[in-house]
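Novice: Quick one, what's the 3D model for this:
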Amino acid sequence: MAIQKFTDFELIDVITSGDAEEIAALDVVELEGWVKTNRDNGSIGFVEFNDGTYFKNIQLVYDNNCKSHDIIVKAGTGCAIRVVGKVKLTPGAKQPFEIVVDECEIEGEVAEDYPLQKKRHSFEFLREIAHVRPRANTFQAVYRVRSVLSMAIHEFFNQRGFVYVHTPLITTNDGEGAGNVFDVTTHDTKDPFEFYGRKVNLTVTGQLHVEPFALAFRNVYTFGPAFRAEHSNTVRHASEFWMIEPEMAFCDLNGNMQIIEDCVKFCINYVIASCPEEMKFFNTMIDNTLMDRLTHVLNSEFKRMDYTDGIKILQEAVKNGHKFENNNIEWGMDLQSEHEKYLTEEVVKGPLFLINYPKEIKAFYMRVNDDNKTVAACDLLVPGVGELVGGSQREERYEILKQKMEALGNAEELSWYLDTRRFGGCRHSGFGIGFDRLIMYVTGVGNIRDTQPYPRTSGSIKY
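Specialist: Predicted coordinates for the structure are as follows:
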């Protein structure tokens, strides 16, 4: 019978499909991949094998009758191999089948200082070898979910008729006016900014650039990298990260929140359906409450609470003896993660939109409410994390926006942005999801550095 070449995923799919005819046709197969472990017991040996197309390993079995016994017995962890062998069904074992190896060829030897061995390595150690850590189980799972979650985002918006816009990475503004930007310069020692004729920086948000497209296509989104020069050495901050930023014309704050809820639920469902083995791994090895939390969110109606009411609840909690690290709760403050978690975990016991924030602590482009004290902003708070999504209805009234921008000092620089309010502007809303933080939430991984292939944080950079 001819040799059939498979990937791990293809072979597992055939065997677990239940198609008796396809299974019966399996005999001699060829696989290419890497050795995870190799145990030689003398008369028989076992190789945990993986080619990257499926999370769980395939077991290879060899004995003294293997034509390439002298080769396979020396194949160490990390070695790239090609094997030919017979499929042996093992329905009573942990795995539904194994491969009895007949031939083995070494595709790539592995050096003695290969850093991944058959033991648990700390995440701190693995961050130092970012070029190798995708081969570790946790990071194979993380990066698979990262890929799948990217597709979930695009599928969600594509199904709803959104247009995908590529916004620039080099810009003349810093979006929200915080000043934490990376300047872009050339090596020209006379004038490092001469290339563009003015000072430019890496973008901190694609929102301002995507808003004008909503006035042409109605519903749009951008999904790309952003950069913020924050010296925040926390588990949730990175200087380079990816942002999902939709913008919808003729949409108020309530419509905005509905799309946020739909998007979050769609993404969770998509990942659970597409990565069942990876999600089992995260629930077992990373956070054993993960699936319960995600399922709870899927089955929950996202509650809504006014910021002012949230402050009153937190103040009452302090009066009743609850201890926050910051117990000085007052109207006008920017809530900390501990306050957000209290509201979502202890008060509503589920997802929560906190809305109508004081205008002084929110961005200039958010719509001022009738009380002239708050803006039509919303933050989605979820159990275990706190803030997951931030959004707002945008200020569509030209004069009000102009006054705010003049007070901030960016009206001249962003005159083109003001034009969108003069040239057929309308009510519109949008939101932003930090993609890397969304991965943290969906996987239970506790540090943003472990969701990114090559994390960039203040203090050092290696790659």
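
Novice: List the contacts of the residue nearest to residue 75 when sequence neighbours are not counted.
Specialist: Excluding the flanking residues, the one nearest residue 75 by C-beta to C-beta, 6 or more residues apart in numbering is residue 35, at 5.0 Å. For glycine as for every other residue, the C-beta is placed from the backbone atoms N, C-alpha and C. Residue 35 sits next to 47, 48, 49, 75, 76, 77, 78, 79, 80, 81, 110 when contact means C-beta atoms under 8 Å, 6 or more residues apart in numbering.

Novice: Correct me if wrong, but residue 35 is in a strand.
Specialist: Yes: the assignment for residue 35 is a strand, going by DSSP: H, G, I helix; E, B strand; the rest coil.

Novice: which residues does it bridge with?
Specialist: residue 49 (DSSP bridges).

Novice: again, but for residue 106
Specialist: Bridge pairing for residue 106 - DSSP bridges - gives residue 81.

Novice: now for the lowest-mean-pLDDT helix or strand in the chain, which elements pack on it?
Specialist: Every helix and strand in the chain was compared by mean pLDDT, DSSP states H and E; the lowest is helix 20-24, with a mean of 84. Applying 3 or more C-beta pairs under 8 Å, 6 or more residues apart in numbering; DSSP states H and E, one finds that helix 20-24 contacts helix 8-16.

Novice: ok, residues contacting the helix it packs on?
Specialist: Counting by C-beta under 8 Å, 6+ apart, 6, 22-23, 26, 29, 31, 33, 49-54, 56, 58, 87, 89, 96-97 sit against helix 8-16.

Novice: Repeat that for stretch 260-269.
Specialist: 149, 152-153, 155-156, 246, 294, 297-298, 302, 351, 353, 378, 380, 382, 388-389, 391, 431, 433, 438, 442.

Novice: buried ones in it?
Specialist: 260, 261, 263, 264, 265, 266, 267, 268 (16 or more other C-beta atoms under 10 Å).

Novice: where does the stretch 201-350 of the chain dip in pLDDT?
Specialist: Counting by pLDDT under 70, the stretch 201-350 of the chain has no low-confidence residues at all.

Novice: before we move on, the earlier item: inside helices: which ones of the buried residues of stretch 260-269?
Specialist: 260, 261, 263, 264, 265, 266, 267, 268 (DSSP state H).

Novice: Just give me the closest of these to residue 251.
Specialist: The shortest approach to residue 251 among those belongs to residue 260, at 11.3 Å (C-beta to C-beta).

Novice: Let me see the ranges of the helices in the chain.
Specialist: 8-16, 20-24, 69-72, 123-127, 137-159, 207-217, 253-274, 276-281, 290-298, 307-319, 337-341, 398-408, 415-422, 435-443.

Novice: So what touches the fourth one?
Specialist: This means helix 123-127. 132, 133, 136, 138, 139, 447, 449, 450, 455.

Novice: about what we covered before: among the contacts of helix 8-16, which ones are buried?
Specialist: 6, 23, 26, 29, 31, 33, 49-51, 54, 56, 58, 87, 97.

Novice: May I ask which of the residues you listed comes out lowest in pLDDT?
Specialist: Minimum pLDDT for the buried ones among the contacts of helix 8-16 is recorded at residue 23 (85).

Novice: ok, for that one, nearest residue in space, not its chain neighbours?
Specialist: residue 15 (6.1 Å).

Novice: And residue 318, by the same measure?
Specialist: Residue 318 sits nearest to residue 327 (C-beta to C-beta, 6+ apart), 5.1 Å away.

Novice: about what we covered before: which pair in the buried residues of stretch 260-269 spans the largest distance?
Specialist: 260 and 268 (12.8 Å).

Novice: mind checking how far the residue in the chain sticking out farthest from the centre is from residue 72?
Specialist: Ranking residues of the chain by C-alpha distance from their mean position (C-alpha atoms, centre = their mean) puts residue 65 at the top, at 47.4 Å. For residue 65, the distance to residue 72 (C-beta to C-beta, to the nearest Å) stands at 12 Å.

Novice: Equivalent analysis for residue 125, please.
Specialist: 29 Å.

Novice: for residue 29, same thing?
Specialist: From residue 29 to residue 72 the distance is 16 Å (C-beta to C-beta).

Novice: ditto for residue 445
Specialist: Taking C-beta to C-beta, one finds residue 445 at 35 Å from residue 72.

Novice: and if you look at residue 97?
Specialist: 18 Å.

Novice: same thing with residue 30?
Specialist: 14 Å.

Novice: what does residue 196 give?
Specialist: Following C-beta to C-beta, the distance that separates residue 196 from residue 72 is 58 Å.

Novice: repeat for residue 268
Specialist: From residue 268 to residue 72 the distance is 42 Å (C-beta to C-beta).

Novice: cool, residue 224 as well?
Specialist: From residue 224 over to residue 72 (counting by C-beta to C-beta), the distance is 45 Å.

Novice: if you count what's nearby, which of those two comes out ahead?
Specialist: residue 72 (24 against 17; other C-beta atoms under 10 Å).

Novice: if I pick that one, what's in contact with it?
Specialist: Counted by C-beta under 8 Å, 6+ apart, residue 72 has contacts 38, 45, 47, 60, 62, 66, 81, 83, 101, 104.

Novice: Can you get me a residue count around the closest residue to the fourth one other than its chain neighbours?
Specialist: For residue 60, ignoring the flanking residues on the chain, the nearest one in space by C-beta to C-beta, 6+ apart is residue 47 at 4.0 Å. A total of 28 residues lie near residue 47 under the criterion other C-beta under 10 Å.

Novice: and the helices of the chain, which is most packed in?
Specialist: Mean neighbours per residue, mean count of other C-beta atoms under 10 Å, is largest over those for helix 435-443, with a mean of 23.

Novice: Keeping just the C-alphas, turn that one into PDB.
Specialist: The C-alpha trace of helix 435-443 is given here as PDB (Å, rounded to 0.1, in the frame of the first residue of the first chain):
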ATOM      1  CA  PHE A 435      -6.200  42.500  22.100                       C
ATOM      2  CA  ASP A 436      -3.400  41.300  24.300                       C
ATOM      3  CA  ARG A 437      -5.600  41.800  27.400                       C
ATOM      4  CA  LEU A 438      -8.400  40.000  25.700                       C
ATOM      5  CA  ILE A 439      -6.100  37.000  25.300                       C
ATOM      6  CA  MET A 440      -5.200  37.200  29.000                       C
ATOM      7  CA  TYR A 441      -8.900  37.100  29.800                       C
ATOM      8  CA  VAL A 442      -9.800  34.200  27.500                       C
ATOM      9  CA  THR A 443      -6.800  32.100  28.500                       C
END
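
Novice: What is that helix packed up against?
Specialist: Judged by 3+ C-beta pairs under 8 Å, 6+ apart, the packing partners of helix 435-443 are helix 137-159, strand 240-249, helix 253-274, strand 386-393.

Novice: Could you pull up the mean pLDDT of that helix?
Specialist: 96.
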